[in-house]
Structures are given as structure tokens and as C-alpha cells.
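In: structure for the following, please:
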Amino acid sequence: MATQKKTETPVWTEIIDLPDLPEVQMREQLAFVGLDEEAKRQMYLDGEPLLARAADWVAAAYDHLSRYAPTAKALGWEGRIPEEDLYLRRTFFSGWIGRTIGVDTSDEFARYLFHAGRVHAGYGPGRHFVPPEWVSLSLSLILRMFSEVVPAERLGLWGGYLAVQQEIMRLGYDASVALERGRTVVRINALGLALPALPEPVEVRIDSGTVREALEKIFSFRPELRDIALEPVLDAEEHAGWMEEVVRWRFKNNWTILKNGRDVAYLEGLSTRLKNGDKLTFLPPGR
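Out: All right, here's what the predicted structure looks like:
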């Protein structure tokens, strides 16, 4: 029986197109709404009165969410509210509102917001799915609360900042929902040094049926995995007659992708076809 020839190009030389990382998109969006260092200095003036009201607002927000039937249903709070769940959610919310009042624009906060979007899509404790409209409406309630103490001339800055946060959460939400679109279901897991970036196997649905599409979806969903597995490649493409710099990605040297335990380098590389039930495994060097 003839054996398949190893592909001429290993996977770490193949280019992958991915959306910008959450922190890159957050920086661009903050610039768009004009939230620069001068704007942040103005917003810091509101820190003390906002902090003075923060605890009451956290309690009021969850009281409202638990009393309004659609959001109570989404949170799994129909009937008796689980005290442990309420405590965890209020703890998360308190951390978020504290960082928001401090006008956190760090890259780490962008990842935090992206993760919140994944949680809202059902990829968090309890696997509760929260429709995106309730997230955006909840942020509008927060802005209304802020308006009780923030002068009118600075309220627009806070509105822009919250709008950017909503967009970054939406990125995490959209990347999560995309996992569930497609005809072919494959399972992706990680071994060795890659395990912390993908601690649990994830089911991914794909349309094209290739390793490339499955990887594009999992790298969009788990930017943590991109941090350790990929490196950026600067490229250029034409837009309306102008050449613009773009960032694409490729695997770092000596990473291996296994399809059902077999290195895809011995198949068709990232173009290897997949079928229902196939398993892909990230196998990093130095394992």
C-alpha cells in the first residue's frame, strides 16, 4: 500500500488570516471615539463620586436583572436565585465597574472584556446564554446611573468608553457563536505547553471541511492560544488603489497539528479535509 508523501511545506510556513487581537481593536476604537490621555484625565475627576455609589449600583443592577422576567430566564434565575451564582456574578460585576471607573484601557482589560463576551455566549460557568441585546441594554442602564453624578460635559466621554467596551465584548460573543455554525463537527484539544491556552476540548462546526477553517475559528475564539502558537507576518494588500499594511499569522517553528493522531504535514497541511467526529490536537515543541 502506497504511503502519502509529506507535504512540501510544513504547517508553520502556511499563512493564516485572522481578525485583529482584541487589544488591537480596542486601541483603534478608543482612538475613534477620542478617548486619549487628556480625555482620561478629565474622566478621573469623576472617580470619587462614582466609587461612592458603585456598591449601590451593583446591587440595583442585579435586583433589576432578577426581577425582569427575560433576563432572569437567561441567567437561570426563574424562581429562587442561587446565592452562590449571584455572589459570583456580583463579584465579577464589581471588578468590572471598578476597572471602568478607573478608566482601564489596558490590553489585559481588552482580553477581560473579550472573555466576558464568551461567557455571555454560553462559554462560562453554568453555560448560561445571555442574548446580546441584554448586554447592550445593561450598559445603557449603567450610563444612566453614571449620569446621576457625572457632569453633562463629560458624560459623552463615558458613553464612548462604554460603547467601546460593548464592541469588544461583542467580538468575544461573535467568535463563540461562530463555533456553532457549520455542517461538520470536529473536536479540538491541546497537549503539553498549549494546554493552559486551551484547557478543555472545544467542539467546532465548519463549512469548508478543512483544518484551516477549524483553526481560524479556534484562534479567533481563544486569542490566548494565538499568543503561544502563532507569530505575526507583515503583509500588504490593496484597498481603493492604496497599499495598506496588514498582519497575517503563521505557526511558530516546530508546532505540530494532529488529525486523529496523525501529523497533517503528512496529509495536505492546512488544506487537509475533515469529517464529522475528527479530532485535531495542538502539539507544541518542547513538550
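In: CA atoms for contacts and neighbours, from now on please.
Out: Fine.
In: strands of the protein, start to end?
Out: 184-190, 202-206, 230-239, 242-251, 256-259, 262-263, 279-283 (DSSP state E).
In: any chance of the ones you listed in TSV, with distance to residue 71, mean pLDDT and mean neighbour count too?
Out: Shown next, in TSV, are these (distance: least, Cα to Cα, whole Å; pLDDT from 0 to 100; neighbours: other Cα atoms under 10 Å):
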stretch	distance to residue 71	mean pLDDT	mean neighbour count
strand 184-190	30	97	20
strand 202-206	27	97	20
strand 230-239	39	85	12
strand 242-251	39	87	15
strand 256-259	41	96	21
strand 262-263	46	94	16
strand 279-283	36	97	21
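In: out of those strands, nearest to residue 115?
Out: strand 202-206 (15.3 Å; Cα to Cα).
In: now residue 175: closest residue in space, sequence neighbours ignored.
Out: residue 221 (5.0 Å; Cα to Cα, 6 or more residues apart in numbering).
In: quick revisit: export the strands of the chain as JSON lines, with columns for distance to residue 91.
Out: JSON lines is the format used below for the strands of the chain (distance: least, Cα to Cα, whole Å):
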{"stretch": "strand 184-190", "distance to residue 91": "30"}
{"stretch": "strand 202-206", "distance to residue 91": "27"}
{"stretch": "strand 230-239", "distance to residue 91": "34"}
{"stretch": "strand 242-251", "distance to residue 91": "36"}
{"stretch": "strand 256-259", "distance to residue 91": "38"}
{"stretch": "strand 262-263", "distance to residue 91": "44"}
{"stretch": "strand 279-283", "distance to residue 91": "34"}
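In: out of those strands, which gets nearest to residue 46?
Out: strand 242-251 (37.9 Å).
In: how far off strand 230-239 does that closest one point, in degrees?
Out: With axes from the mean of the first three to the mean of the last three Cα atoms, to 10 degrees defining the directions, strand 242-251 sits at 160 degrees from strand 230-239.
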